[in-house]
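In: Provided below are the primary sequence and the corresponding predicted coordinates.
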Amino acid sequence: MTTAVYPGSFDPITLGHYDIIKRGSQLFDHLIVAVVANPSKSPMFTVEERVELIKKSIAHLSNAREIEVCGFEGLLVDFMHEHKCKTILKGLRFVSDFEYEFQMALTNRRLDRKVETLFIPTDYKYSYLSSSIVKEVGSLNGDIAEMVPLEVLNDIKERINATKK
Ligand code: ADP
């Protein structure tokens, strides 16, 4: 069975993330979406909330049962050992993403020679999109309907509005 881990902050999930989950899940028998609990960032959604938003967004996919969503803390290679997985999946938007992602790929390989990182280029429609853009546009009352999965649009809007007050 082939398994890959797709790690990220997903604070919150965007259509760019959703597209990578959907395409990635067609390449592997099992895809684990690993939501990073990064203590140095102050997220808008808790790890548990981010996990629930992703689960809600993918529930309708025909292969949803092959996609696992969970939170994690610590080193990604340790998480991968626990899940007996050797492949990291990442989405790439611009050259600017590449520099950091390449550094992380080399670091993870340095920590564990068996770990490989695979990159999927973003769909051009989502190349501008990030969680920060969603939060910024939403907090300025802009329309985020074409930026996040429809299933979680209201949840995300409500939280953005609540944090404005
Ligand atoms: P961000 O906060 O910038 O959205 P994340 O840490 O949540 O980033 O991203 C997790 C992974 O998803 C990374 O591999 C990132 O490159 C990828 N990703 C983020 N946004 C997109 C997008 N619009 N298209 C494709 N991949 C993306």
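Out: Yep, it's here.
In: Tell me which stretches of this protein form helices.
Out: Along the chain, the segments classed as helices by DSSP state H run 15-27, 47-58, 76-82, 95-111, 131-139, 153-164.
In: could I get those helices as CSV with mean neighbour count and mean pLDDT?
Out: Where C-beta positions appear, they are placed from N, C-alpha and C, glycine not excepted. Shown next, in CSV, are the helices of the chain (neighbours: other Cβ atoms under 10 Å; pLDDT from 0 to 100):
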stretch, mean neighbour count, mean pLDDT
helix 15-27, 20, 97
helix 47-58, 20, 98
helix 76-82, 17, 96
helix 95-111, 13, 93
helix 131-139, 17, 96
helix 153-164, 14, 94
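In: Could you dump these into CSV and include distance to Glu66?
Out: Converted to CSV, these look like this (distance: least, Cβ to Cβ, whole Å):
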stretch, distance to Glu66
helix 15-27, 6
helix 47-58, 10
helix 76-82, 18
helix 95-111, 23
helix 131-139, 24
helix 153-164, 24
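In: Out of those helices, which is closest to Lys125?
Out: Closest of those to Lys125 is helix 15-27, at 7.8 Å (criterion: Cβ to Cβ).
In: so how far is that closest one off the chain centroid?
Out: Remark: helix 15-27 is offset 9 Å from the chain centroid, using Cα atoms, centre = their mean, to the nearest Å.
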